[in-house]
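> based on what follows, work out the 3D shape:
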Amino acid sequence: MPPGFKRSRAIWDEARSRGGIAWVHAIVYELQPIRLSKSSRKEALATLRSFIRNSITIIAGIPNVLKSILIFISNRSLRQWMIVGAIVAYYWFIRWIHE
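Alright, predicted model coming up:
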């Protein structure tokens, strides 16, 4: 094992036994700085714009998806729903038997 492998475990064990400031040390150890040297402000803004654009697209598409699901559900016949119900009942019966 690498030499620093058990460092985190030891810090958390100490935090459990001592409490208070030891908890702060353990949390700070886990939240070590992130290296941003390879990132730039321009790339960060482009990523943020892309995230916002994708989020808006997903949110705007939800009503269409819900409408499609509702149309699919309403176009099934009673016989098709009975088959689905039988499959679900069979599944739960088999689970019950195997328990």
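> contacts and neighbour counts: CA atoms only from here.
OK.
> show me what the mean pLDDT comes to for the longest helix along the chain.
For the chain, the longest helix by residue count, based on DSSP state H, is helix 41-74. The average pLDDT within helix 41-74 is 90.
> got it, and stretch 12-25?
For stretch 12-25, the per-residue pLDDT averages 81.
> now do it: distance from first to last residue.
Distance across stretch 12-25, first residue to last, is 9 Å (CA to CA, to the nearest Å).
> which parts of that stretch are buried?
12, 15, 22-23 (16 or more other CA atoms under 10 Å).
> and the pLDDT for the residue in the chain sticking out farthest from the centre?
Distance from the C-alpha centroid of the chain peaks at R79, with 36.9 Å (CA atoms, centre = their mean). What the model reports as pLDDT for R79 is 95.
> host element of it?
Assigning secondary structure by DSSP states H and E places R79 in helix 78-98.
> and that helix with helix 41-74, angle?
On the basis of axes from the mean of the first three to the mean of the last three CA atoms, to 10 degrees, helix 78-98 is oriented at 110 degrees to helix 41-74.
> now helix 78-98 - C-alpha only, PDB.
Backbone C-alpha positions of helix 78-98 (Å, rounded to 0.1, in the frame of the first residue of the first chain) are rendered in PDB as follows:
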ATOM      1  CA  LEU A  78     -57.700  -3.400 -22.200                       C
ATOM      2  CA  ARG A  79     -56.300  -6.700 -23.400                       C
ATOM      3  CA  GLN A  80     -52.700  -5.200 -23.600                       C
ATOM      4  CA  TRP A  81     -53.000  -3.800 -20.100                       C
ATOM      5  CA  MET A  82     -54.300  -7.200 -18.800                       C
ATOM      6  CA  ILE A  83     -51.200  -8.800 -20.300                       C
ATOM      7  CA  VAL A  84     -48.900  -6.300 -18.600                       C
ATOM      8  CA  GLY A  85     -50.800  -6.800 -15.300                       C
ATOM      9  CA  ALA A  86     -50.400 -10.600 -15.700                       C
ATOM     10  CA  ILE A  87     -46.600 -10.200 -16.200                       C
ATOM     11  CA  VAL A  88     -46.300  -8.000 -13.200                       C
ATOM     12  CA  ALA A  89     -48.400 -10.400 -11.000                       C
ATOM     13  CA  TYR A  90     -46.200 -13.300 -12.200                       C
ATOM     14  CA  TYR A  91     -43.100 -11.500 -11.300                       C
ATOM     15  CA  TRP A  92     -44.300 -10.600  -7.800                       C
ATOM     16  CA  PHE A  93     -45.500 -14.200  -7.400                       C
ATOM     17  CA  ILE A  94     -42.100 -15.700  -8.400                       C
ATOM     18  CA  ARG A  95     -40.400 -13.300  -6.000                       C
ATOM     19  CA  TRP A  96     -42.700 -14.300  -3.200                       C
ATOM     20  CA  ILE A  97     -42.100 -18.000  -3.900                       C
ATOM     21  CA  HIS A  98     -38.300 -17.600  -3.900                       C
END
